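Asks: Quick one: sequence and predicted model below, then my questions.
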Amino acid sequence: MSNDSDTRRHAEAVLQFNRFYRKFLGTHVGGLPPMPYSLTEMRILRELASNSADTAAALARNLSLDSGYLSRILTGFEQRALIAREPSKADARQTLLRLTEGGRAAYAALATAAIGNIESMLARLTKDEQARLVEAMRVVQQLLS
């Protein structure tokens, strides 16, 4: 078997896993109570909550989002009082974003529901299986980073 056919077979296996995992997440996330936020909105809240980004430019870069789409989401967050914008003291061209108290509460509720959902899924596995799964996920992240 040539290297090209090995690579193709491996690429097909990666796509198959991706389809499986998307279906798996769709099935299990569907078990959560209805969420008032899209997956993208939840990712943005997480970035803001973890202080991984404090500007729209950083959010767009970190999450690979279109800046126009992100702007519309941020405007909606501001209208729902989830975020506040304030001018940067270091660079007047930048506007800093932060979660409001309501935004932190909304994110905390989402995070709690997500962790509970994952804990339920992991509870079906033995401790050794859980450790193997987490290690496999770490390896995937390491190899693809």
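Replies: Yep, that arrived.
Asks: Determine how far the helix or strand bottoming out on mean pLDDT in the chain lies from the middle of the whole chain.
Replies: The element with the least model confidence among the helices and strands of the chain, by mean pLDDT, DSSP states H and E, is helix 3-29, at a mean of 85. Here helix 3-29 is found 19 Å from its chain centre; the criterion is C-alpha atoms, centre = their mean, to the nearest Å.
Asks: Likewise for stretch 94-109?
Replies: When C-alpha coordinates are averaged (C-alpha atoms, centre = their mean), stretch 94-109 and its chain have centres 16 Å apart.
Asks: pull the CA atoms of it into PDB?
Replies: In PDB, the C-alpha atoms belonging to stretch 94-109 read as follows (Å, rounded to 0.1, in the frame of the first residue of the first chain):
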ATOM      1  CA  GLN A  94      -9.700  49.500  20.900                       C
ATOM      2  CA  THR A  95     -13.000  48.800  22.700                       C
ATOM      3  CA  LEU A  96     -12.700  46.300  25.600                       C
ATOM      4  CA  LEU A  97     -15.500  43.700  26.200                       C
ATOM      5  CA  ARG A  98     -16.400  42.200  29.500                       C
ATOM      6  CA  LEU A  99     -19.200  40.100  30.800                       C
ATOM      7  CA  THR A 100     -21.700  41.900  33.000                       C
ATOM      8  CA  GLU A 101     -23.000  40.200  36.100                       C
ATOM      9  CA  GLY A 102     -25.900  38.900  34.000                       C
ATOM     10  CA  GLY A 103     -23.400  37.600  31.400                       C
ATOM     11  CA  ARG A 104     -21.400  35.800  34.100                       C
ATOM     12  CA  ALA A 105     -24.600  34.300  35.500                       C
ATOM     13  CA  ALA A 106     -25.700  33.200  32.000                       C
ATOM     14  CA  TYR A 107     -22.300  31.600  31.300                       C
ATOM     15  CA  ALA A 108     -22.200  29.900  34.700                       C
ATOM     16  CA  ALA A 109     -25.600  28.300  34.000                       C
END
